[in-house]
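Enquirer: okay, structure incoming, though there's no sequence with it:
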């Protein structure tokens, strides 16, 4: 049974890479950025990924987010790029906000963003992120953090 997030949270934060979308292109983009830090290469790879749909979708998580009536904030370490918005509009259709942090320190910067952008003091929020460091740091600040990778589709053998 898929969980109804509306009953538990006021705001849902969600990573994009290896959370909403995953696959070989995400791995290639990670490697390319790690070794080159080239904006040109990153732009080309993001454009190719979006144009040719070079990703798999975490359908279970997308369904949970689509049926949620609370604000969803897509929080990514990626730089701002039209291809990212294109993917979200195509696959999630009903997304609320997208925040591109353009950072090499996703754990610290994502958690700091969440803590600095609370909409009210009574807010209950969570984050879906594949990065264990992000989840661990978020939980240190009493932010519910979930690993989306168990929601990936099983590979057919």
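Expert: All right, it came through fine. Quantities reported herein were computed from a predicted structural model and do not represent experimental measurements. Residues are numbered from 1 along each chain as shown.
Enquirer: counting by contacts, list what the helix or strand hosting residue 27 packs against.
Expert: Assigned by DSSP states H and E, residue 27 belongs to helix 24-36. Contact analysis of helix 24-36 by 3 or more C-beta pairs under 8 Å, 6 or more residues apart in numbering; DSSP states H and E lists helix 39-51 as its packing neighbours. Heads up, the C-betas are built off the backbone N, CA and C, glycines and all.
Enquirer: list the buried residues in the helix holding residue 27.
Expert: 25, 26, 29, 33 (16 or more other C-beta atoms under 10 Å).
Enquirer: ok, the second one touching residue 16?
Expert: No: taking contact to mean C-beta atoms under 8 Å, the distance of 9.1 Å between residue 26 and residue 16 leaves them out of contact.
Enquirer: so who does residue 87 touch?
Expert: 16, 21, 49, 50, 55 (C-beta atoms under 8 Å, 6 or more residues apart in numbering).
Enquirer: what segments of the protein are strands?
Expert: 11-14, 21-22, 56-57, 72-76, 97-100, 125-128, 144-146 (DSSP state E).
Enquirer: and the fourth one, what other elements does it pack with?
Expert: Here strand 72-76 is seen to pack against strand 11-14, strand 97-100, helix 106-116 when contacts are counted using 3+ C-beta pairs under 8 Å, 6+ apart.
Enquirer: that's all I had, so thanks and see you.
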